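> Quick one: sequence and predicted model below, then my questions.
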Amino acid sequence: MLLVIMMMFQLPANAVDLDYRHITKGDVSPFSGVVMTNDALVQMIATHEAEVRICELDSDTQLKLNKNDSDKQYELLELKYNMDKELYEELISIRDNQIKKDKTKDVIQRVAFFGGFILGSATSVGIVYSLNQN
């Protein structure tokens, strides 16, 4: 009943341009349209409020489901990120170790190359010297 009274005294700025009159049984309606009893109006308002509440609950439920899905996707992406990060850190570590090994091999190869060059040069000088002595 309070809702009916509130609807009757709404401010014109908030109201849609509705045309209504209070009539009693036996009066002639001054306009064409739908005539409803107070109980029917209360029922219509209650139904509308129930539908609005159902929509709010549906939207809240959908929001929670979407948030849960987003959280799961975030966790999955974070897990994938951490796994990829560990993989690449391990690959970088392996690469760095291989570079250290290659540097050691380079030193050994250079020593062997220069040692072989010096040994070959010394052998050539020795051979030439021995041929010149005869």
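In hand now; what should we look at? Numbering: from 1, shown residues only.
> Tell me where this structure has strands.
Remark: no strands are assigned in the chain by DSSP state E.
> centroid residue for it?
Tyr74 (5.8 Å; Cα atoms, centre = their mean).
> By mean pLDDT, flag the weakest helix or strand of this protein.
In the chain, no helix or strand scores lower on mean pLDDT, DSSP states H and E than helix 2-8, which sits at a mean of 50.
> Show me how far the helix ranked longest in the chain is from its chain's centre.
The residue-count maximum for a helix in the chain (DSSP state H) belongs to helix 38-133. Offset of helix 38-133 from its chain centre (Cα atoms, centre = their mean, to the nearest Å): 19 Å.
> Quick one: residues contacting the residue nearest to the centre of the chain.
Counting by Cβ atoms under 8 Å, 6 or more residues apart in numbering, Tyr74 touches no other residue. Every residue, glycine included, has its C-beta placed from N, CA and C.
> okay, now Lys85: neighbour count?
10 (other Cβ atoms under 10 Å).
> Ignore what I typed, I meant His22.
With other Cβ under 10 Å as criterion, His22 counts 6.
> Could you shift the numbering so residue one becomes 638, and keep it that way?
I'll keep to 638 as the first residue from here, and by that count the last item is His659.
> who's in contact with it?
His659 neighbours (Cβ under 8 Å, 6+ apart): none.
> so what's it scoring on pLDDT?
For His659, the pLDDT comes out at 72.
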